[in-house]
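Undergrad: Attaching a predicted model along with its sequence, questions to come.
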Amino acid sequence: DFGSLRTDGGLAKLNSYLGNRQYIAGFQISKEDIDKCAEITIKPDPAVYPHVHRWWTHVRNLKKTMPFQQWRAPAADEITVAKAAAAGQTVQAGAAPAKEK
């Protein structure tokens, strides 16, 4: 969870998360990207949040070029992989992340 994307703290968490990812959940744009993008009410500063700025610009451009697209929700295994990666774990799609000891 990134917290509120209307705060510096939330944007900083999202920026870190997107440092090595193109989308929030999975390997293609999803409804989660569209929803999170809508939470950001002002253009992210590219000097402070370069990854958020890149992602935000990309998602907004996709919404403009395909306004009637029905964006799918990410599959459960894509969410699991994304959450595990955010926690510093590795997991393959279709497998559960390792439990912490």
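TA: Looks like it arrived, so ask away. Numbering: from 1, shown residues only.
Undergrad: Hmm, S30 is touching I24, no?
TA: Yes. Using C-beta atoms under 8 Å, S30 makes contact with I24 at a distance of 7.2 Å. (Each C-beta comes from the backbone N, C-alpha and C, glycine too.)
Undergrad: Please say which of those two ends up with more neighbours.
TA: The neighbour comparison of S30 against I24 (other C-beta atoms under 10 Å) goes to I24, with 25 against 21.
Undergrad: Near V48, how many other residues are there?
TA: Number of residues near V48 (other C-beta under 10 Å) recorded here: 12.
Undergrad: From the contact counts, what lies against the longest helix anywhere in the chain?
TA: Looking across the chain with DSSP state H, the single longest helix is helix 50-65. Helix 50-65 sits against helix 8-17, helix 31-39, with contacts defined as 3 or more C-beta pairs under 8 Å, 6 or more residues apart in numbering; DSSP states H and E.
Undergrad: Pull out the buried positions in it.
TA: By 16 or more other C-beta atoms under 10 Å, the buried positions in helix 50-65 come out as H51, V52, H53, W55, W56, V59, L62, K63.
Undergrad: cool, and stretch 11-28?
TA: Using 16+ other C-beta under 10 Å as the test for burial, stretch 11-28 gives L11, K13, L14, N15, Y17, L18, Y23, I24, A25, G26.
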